[in-house]
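[1] I would like the atomic coordinates for the input below:
(chains A and B)
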Amino acid sequence: MKHLNLRLLLLALLVVGCDSSLPETYTKVDRNVVIYPDYTDVMIPANIAPMNFVVTEANATDFIVRITDSKGEEYTFDQALVQISKNKWDRILAAGDHYTIDVYAKSRDQEWIKYPTITNKIASSKIDPYLTYRLIEPSYVVWNEVGLYERDLTSFDQRTIFHSSLTEGNNCMNCHQSQAGNGDKTMFHLRGKEGGGTIIAIGDKVEKIDLKVDGLVSGGVYPSWHPKDNTIAFSVNDIGQLFHTQLNRKVEVMDFLSDIIVYDVDSKKITQLSNTFNTLETFPTWSADGKYLYYCTTEVPSSYDKNVPERNMELYTLFEDIRYDLCRVEWDGEKLIGSVDTVFKASSQGKSVSFPRVSPDGRYLMFVLSDWGNFSIWHPEADLWVVDLDSMESHPLGRTNSTKTDSFHSWSNSGGGWFVFSSRRDDGYYTRLYLAQIDANGVESKAILLPQKDPNDNIKLYKSYNVPELLSTKVSTSARQLSEVANGSAMKL
Amino acid sequence: MKSMTLWAVALVFAMAFIYLGFWCAPLLAYQESLHLFVYDTSFVGSWLQIPGGGISLMEEFIAQFCYQPLVGALIISLLLAYIAWAGSRLYFKGNFLSCVVPLLLLYCLSDSSFTLVPIIGSALVMAFAQLDRKWPLSGYSASTAVMLMMLISPFFGAVLALLLIFSKLFKSPRADYKEVLVIFVAWCVVLAVAYFWIYPSVLLRSLLVNNCIADGGSIYYCLFFFLVFSPAIGLPFKRELKWWINLAVILLGFTLMLLASNFNSLSRSLLDMDRQTRNGNWDKVLEIADGYEELSAQHTFYVALALNQTHTMGDSLFNYRQLWGSDVLYDNFYSSQPVMFRLSDMYMALGHTNFAYRMAMENLVLNGSRPSGRMLQMMASCALINQDFGVAVKYLKTLSHTLYYRQWAIEQLTSQNIDWIEQRKSKLPTINSALGDGHNSYLYFKLAHQANPTNVEVLDYLLSDILLKGRLDLFVAYLPQASALYPVLPEIYQQAAAIHWAQTGDDSFFARYVTSPKVIDTYREFTKILSENRLTIAQREAMFDRFKNTYFYYFVKLNNETSKSKTTTAGSIGGGMR
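    As a prediction, this is how the structure comes out:
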């Protein structure tokens, strides 16, 4: 009896230790297999984490999945959930060029079927290894548990950069950004009646600044860190919200007032770049060489020339008529010079621009185009567009976009034309992060959902990924270091 | 001693079960609406990643049974009885002191913002203390217990460490300092590991007390003081007390707990209304309201919603004293979970699924980003009605892994019993309108009416809001639409129309809108009394009794309150109330 048990144990270990073999007989079908995430016919960065997926063929009960790398090495999995070990995945990536996926499935009493082979390409270029984002519910007004996180894109490791529980006032935080993907120079805002301010960390030096000074509409809001200098451009915005009764829309976030300022981190000096009342400027962003400042601007159709409540009420009724164009103006290191160029006149097409970002090589400017307004995250029709800054021609990212919201985006600083963007294509509400590439020929790739250890976690997570930013180096300041400063008072300017 | 322990424990169990199961049933149901337990490994895993997540997970597990309050009461009562039993065996030799902690916990539980964590934590602490008593391996069993408890909850790990340290210090015949040292070192080591390696982004304060701070006031802290010092407190009781002394003190303690409890009849009825509203038992809501002469603003909100949903708002609104004006019809949004629950119920009932969804989502955020079955069910319902199937499936998949929402979720996922969705669709807004934040009740109801002019429930709310404000000018503007939607114009609207006629003298208006002989008779009777020069107190009281359910009375009273010095509008219907 003892020997029998031992033999059974050895047999079990042998079975567990072996890969499953493929079925001997099967029928080929023409229909493509459905897997989640849709990692079919995609291009992936050369350093990405294992692209785990789940076969979502509802009628099938048994699965065999075989992954073959470009050198012919095979890896077999015998369940719908395919979780590839880091070791195996590194071998697949190291083989390079491409890998294939063969899926065999069968229902209980049926014979095996084989779906057409999936081929995914492996790019020679890498994406920035770190991705920072905020996790927050797709909520409207209140907040409670909010955090900034850093994900290692080469694995599934996620760490907390900062969290609302690290502040005494349980403050909300938003709009984090680093200088040209450098985790040593990073900033984010803290919000709340008590303890608000802008946290700026350069190496070990962390400061909390109160950017709300007399004469400005607000403290700094949407930031853009100059690619070379310790200078951050901010928009200052007076923001309001509207709630829709119509079913396919939920909330409208709009500006009543907005201007642009520049904050010099070293001299702690604020320079106001625009101060126009019914002309709103927002979403400043620097060119790759830091010689131009791009921004979105609109002339609001208001009959008031003073900031009175009636003006806000009027603008509330006109929210569908507010459309932003994309402009740029030259920057000489201290001030704006020259005339304003209109880079993309969206309003003439009945559209509106938001979130412009220039690629690190200076070739493209990516932005979001929606029907109106500037808070495109809540606009289902919002799509990503690019302007080729050499030819000034623009086009939508047809293969990358979806029928749902495609919005906030960030370029990889490691070359290869990779970028990350937020999209609501999964379920229409919860923002998930997608990676895509514009290659050297200017052709965009199909977007891939940020890989997770268990892809089902995307469905189970009740938070949205918000404001993704790619970094080439880790954020160097620890959460507890940031907490100390965050709980102190903000420096008045 | 053993038999006395058992009857004391049985008494605690019986008292707790009766109190929780029958009196606190609405409270337990409300507790359940803040919790969710999903039978899924990633759900369990996500809880275990946070400090104190282990004990919170246990709380979620137990709270799910409060969906059926008697089951929840049974489990909680068993836990309380266990705490009494363990305390009795360990420190109190079967005397009444073993019931102090359970009674204090019962007191704290009667606050709607309280959680089950202290009950579970106390039970675990007692369980580990019992294990240590049974296998006292020179402090190593105690230190292992502390380490395990620290993993479940650092806060209760500290409570256990203190309790065990005191039990060693007051050990008979003499204190065992070596064991004390071993326990202390074990606690420090686990704390250091947790602080530096497991939770590097968490502050020490959060690490120690996460999930364990509750609104129990000073009683809450007394509870832990008593628990920790139990070994010392139990020392003077070398001998057993007489059974009747124990019985008398336990009963006295229970009575004091009942008297001091925050959960009185009014707060109970409010939570009961919430429960009945959630289930759409509108008649029950009105039944509860009938038990009170005067209702709070929150009670009146539920009553108005119940009247609205039973289509009796236009006839019976003033059958309930309207002491709070139009504010009670509509809670403007602010950060309170009960308000968000009732607002989402109201929006859902009126067909404003976008707004109902929003309230459920905001509530989820306020609940520490922890969805509950009630919130998810509301959001899934809104998404199904709005045909946002992607997000509906997300919520339904979660609910399909729960105990009490599973059947409903599977029905929706497999498109069974979904007639209710079609029924709801007729109420939906047909025109887009957008509403700014910080609006008032009139703006909301006006917008809701614009978005779907045929939604009779919304129109009822709009007219009631206008009438409670005393704005007959606005009321008259909506009257033709109301008249077209009702086969017979409700009595209150006829009464308001009669007042307008009295002010304008437009006979054709009167003939068109005031058709009920009862309304006409009441109006005549009312104006006759008002035309008297001076009313005695007795006459006023009689008038109140006779007309308190009419809009005539409310309107005159409202105008007299707002404009005592000048000739009021009410004057034109009979000289005002003097």
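[2] all contacts plus neighbour counts: C-alpha atoms, from now on.
    Will do.
[3] got phi/psi on the residue nearest to A:Ile239 when sequence neighbours are not counted?
    Of all residues not flanking A:Ile239 in the chain, A:Asp255 sits nearest, at 4.5 Å (C-alpha to C-alpha, 6 or more residues apart in numbering or on different chains). Per-residue torsions, A:Asp255: phi -100, psi 140 (degrees, to the nearest 10).
[4] and A:Arg432, by the same measure?
    For A:Arg432, the backbone dihedrals (degrees, to the nearest 10) come out as phi -120, psi 160.
[5] residues touching it, list them.
    Neighbouring residues of A:Arg432 by C-alpha atoms under 8 Å, 6 or more residues apart in numbering or on different chains: A:422-424, A:426, A:449-450, A:458, A:464-465.
[6] about what we covered before: the residue nearest to A:Ile239 and chain B, how far apart?
    13 Å (C-alpha to the nearest C-alpha, to the nearest Å).
[7] state the pLDDT value of that residue.
    The model reports A:Asp255 with a pLDDT of 95.
[8] now the closest residue to chain A within the stretch 451-578 of chain B: how far from A:Arg159?
    The nearest approach of the stretch 451-578 of chain B to chain A comes at B:Ala451, 7.2 Å away (C-alpha to the nearest C-alpha). Look at B:Ala451 and A:Arg159: by C-alpha to C-alpha, to the nearest Å, they are 46 Å apart.
[9] equivalent analysis for A:Lys492, please.
    Per C-alpha to C-alpha, A:Lys492 is found 31 Å from A:Arg159.
[10] over to A:Pro301?
    For A:Pro301, the distance to A:Arg159 (C-alpha to C-alpha) stands at 45 Å.
[11] follow-up on the earlier one: chain B next: which of the contacts of A:Arg432 are close?
    A:Asp426 (C-alpha under 8 Å from any C-alpha of the partner chain).
[12] between the contacts of A:Arg432, which is closest to B:Thr5?
    For the contacts of A:Arg432, the residue nearest B:Thr5 by C-alpha to C-alpha is A:Asn458; the value is 51.8 Å.
[13] what's the following helix or strand after the helix or strand containing the closest one?
    Taking DSSP states H and E as the definition, A:Asn458 sits inside helix A:457-460. Per DSSP H and E, the first helix or strand lying C-terminal to helix A:457-460 is strand A:464-471.
[14] who does that next one pair with, and is each partner parallel or antiparallel?
    Partners of strand A:464-471 in the sheet, by DSSP bridges, are strand A:130-136 (antiparallel).
[15] just the CA atoms of the helix or strand just after the partner strand, as PDB, please.
    As assigned by DSSP H and E, the chain's next helix or strand after strand A:130-136 is strand A:147-152. The C-alpha atoms that make up strand A:147-152 are tabulated as PDB, following Å, rounded to 0.1, in the frame of the first residue of the first chain:
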ATOM      1  CA  GLY A 147      -3.400  56.500  -5.100                       C
ATOM      2  CA  LEU A 148      -0.600  57.100  -7.500                       C
ATOM      3  CA  TYR A 149       1.100  53.900  -8.600                       C
ATOM      4  CA  GLU A 150       4.100  52.800 -10.500                       C
ATOM      5  CA  ARG A 151       4.000  49.600 -12.600                       C
ATOM      6  CA  ASP A 152       7.100  47.900 -13.800                       C
END
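[16] buried ones in strand A:147-152?
    For strand A:147-152, burial by neighbour count (16 or more other C-alpha atoms under 10 Å in any protein chain shown) applies to A:147-152.
[17] identify the farthest-apart pair in those.
    Farthest pair in the buried residues of strand A:147-152 (C-alpha to C-alpha) is A:Gly147 and A:Asp152. Separation: 16.2 Å.
[18] that concludes my questions; thank you for your assistance.
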